[in-house]
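S.K.: Let's see this in three dimensions:
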Amino acid sequence: MRIRIPLIIEESLIKQIDEIAGEKHRRAATIETALREYIARQARKAKAAPPPPEPAAKTVVRGAAASAAKSAARASAAPAAKAVARAKR
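M.R.: All right, here's what the predicted structure looks like:
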C-alpha cells in the first residue's frame, strides 16, 4: 500500500533526483528505490556489527566473606586516598 506524504527536499537534491529518474521514471519511484537500497544497506551493516559486550556478572557475597571483602576494599582504598590528599597540598 502506498501512502502520500509531504516531503521537503532541497532544490539541488531534487534536480539530481530528476537527472537520475529521467523521462521514463517518476521522481517518487526513484526516491523509493533509493530508500529501499539505503534500508537494506543499514540492515546488512547491523547484522555485520559485532554484538555489544554483555555486562559483567555481579558476584554476591554474604556473611563473613562479605565483611572480609569490605574490609579489604577499605584497606586498599585508604593508602590511595591519603596519597591523593597529599598531592593536593
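S.K.: Run through the strands of the chain in chain order.
M.R.: Using DSSP state E, the chain contains no strands.
S.K.: what residues go with each domain of it?
M.R.: Here the domain parsing of the chain from automatic domain parsing is 11-48, 59-89.
S.K.: got a pLDDT number for the residue most central in space within the chain?
M.R.: By C-alpha atoms, centre = their mean, the chain has its centre lying nearest to Pro52, at 9.6 Å. Pro52 is assigned a pLDDT of 77 by the prediction.
S.K.: what about it, distance to Gln42?
M.R.: Noted for Pro52: a distance of 17 Å to Gln42, by C-beta to C-beta, to the nearest Å. The C-beta positions use only the backbone N, C-alpha and C, and glycine is treated the same way.
S.K.: With Glu54 instead?
M.R.: Counting by C-beta to C-beta, the gap from Glu54 to Gln42 is 24 Å.
S.K.: out of these two, which sits in the more crowded spot?
M.R.: Neighbour count, other C-beta atoms under 10 Å: between Glu54 and Gln42, Gln42 has more, with 10 against 6.
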